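> starting from these lines, generate the structure:
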Amino acid sequence: MGGLSAKRDILKNELVSIIIPCCNSGKTISRTVESAKSQTWPNIEIIIINDGSTDKKTLTLLKKLSNESEIKVYSQKNKGLPGARNAGFELANGNFILPLDSDDWLHENAIELMMQTYTSKRRSHVVYSDIKIEGIEDCIKKTFCNPFEQLFSNQLPYSMLFPKHIFKNIKPYDESFRFGLEDWDLNVRLLTKKIKFVKVSEPIFVYFKNSKGMFQSITSRKFIEIYSRIREKNSDTYKFSELLRIYDNSKKTRSKRRLNLYLLQNLIYLTVPLKLLNKFYFILIKVKARKLKFYLDAN
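Numbers count the residues shown, from 1 in each chain. Have a look, this model is predicted:
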């Protein structure tokens, strides 16, 4: 236990860098920044990446925030969400990094609980939690990191605590994923490199969901196209023999759905034309959105 205790002592004063991309987010970013400033973890830096904002309200607010001592604001030409996050990762001084989008927020003890969870393990881990969803829905989304399931369904939140050193040989976000799912691509690559994930017991991350969110528009229209790109980039992992090996090794790890359903999903993906799959998926998203709207209108 001596080695674990020493690890806890060393990490007590570790700097955690919170990366907040911002593109015309003047209506929501104040709440996001306030949640970062209110963290009980004593040593944080807040890095805001102004990703080509043009909205006057946003620019005025960012100028005001840049005058606060614990906040650094950097501006760049618009590169999209993955490009903005990567810029923040490069500028981060902390050995731990946490991305946080400009319309979401953290519970005040989020980083403290994540660091406690990290130090409870002898090996380095990425730390994640369940998701508290607010906005047009109000619920807790349970999250899981079953390696096999993650190849077919993105169960992990984008906002996780990353030890910076794991990116020594792995590029954080692929900037070609401008239409979304860049976090899924990253998670698949990390799991392929056998990076471990460990879960905090509380839902400390709040995801704000609105009816005009990107996943309800561009990402949903291009979902199968983007997913195909993930499979192409990790083609060795998606070979059938390797899928069976991962499936066998993942049987005892908790998952949201039965793993054999994903074997069926893989068969469908390999046999049905991608354009037809993408159209079918988009219809499912629209049906789900209409059901949700009907429920909200009724209540």
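
> so, low pLDDT: which residues of the stretch 1-150 of the chain?
Across the stretch 1-150 of the chain, the ranges flagged by pLDDT under 70 are 1-11.

> cutoff 50 now
Within the stretch 1-150 of the chain, the segments meeting pLDDT under 50 span 6.

> strands of that one, start to end?
With DSSP state E, counting those that start in this stretch, the ranges of strands along the stretch 1-150 of the chain come out as 16-22, 44-51, 71-76, 96-99, 105-106, 125-128, 131-135, 139-141.

> return the most buried member of those.
Comparing these by mean neighbour count (mean count of other CB atoms under 10 Å), strand 16-22 ranks first with a mean of 26. Any C-beta I mention is one placed from the backbone N, CA and C, and that applies to glycine too.

> got the CA positions of it in CSV?
The C-alpha trace of strand 16-22 is given here as CSV (Å, rounded to 0.1, in the frame of the first residue of the first chain):
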residue,chain,number,x,y,z
VAL,A,16,-6.0,20.1,-13.8
SER,A,17,-6.6,22.0,-17.1
ILE,A,18,-10.3,22.5,-18.1
ILE,A,19,-10.6,23.0,-21.9
ILE,A,20,-13.7,25.0,-23.0
PRO,A,21,-14.1,25.4,-26.8
CYS,A,22,-16.3,28.4,-27.7
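
> nearest to Tyr173, of the strands of the stretch 1-150 of the chain?
Distance to Tyr173, taken as CB to CB, is lowest for strand 96-99 among those, at 8.8 Å.

> so how far is the closest one from its chain's centroid?
On the basis of CA atoms, centre = their mean, to the nearest Å, strand 96-99 is displaced by 11 Å from the centre of the chain it belongs to.

> sorry, back to before: of all the strands of the stretch 1-150 of the chain, which lies closest to Glu182?
strand 96-99 (10.3 Å).

> tell me the SS of the closest residue to Phe152 other than its chain neighbours?
Distances taken as CB to CB, 6 or more residues apart in numbering place Tyr262 nearest to Phe152, at 4.3 Å, with adjacent residues excluded. Following DSSP: H, G, I helix; E, B strand; the rest coil, Tyr262 is assigned to helix.

> OK, contacts around Tyr262?
Tyr262 is in contact with Phe148, Glu149, Leu151, Phe152, Ser153, counting by CB atoms under 8 Å, 6 or more residues apart in numbering.

> nearest to Ile18, of the residues you listed?
Among the contacts of Tyr262, and counting by CB to CB, the member closest to Ile18 is Ser153, at 27.2 Å.

> pretty sure the closest one is touching Leu259, no?
No: counting by CB atoms under 8 Å, Ser153 stays clear of Leu259, with 10.6 Å between them.
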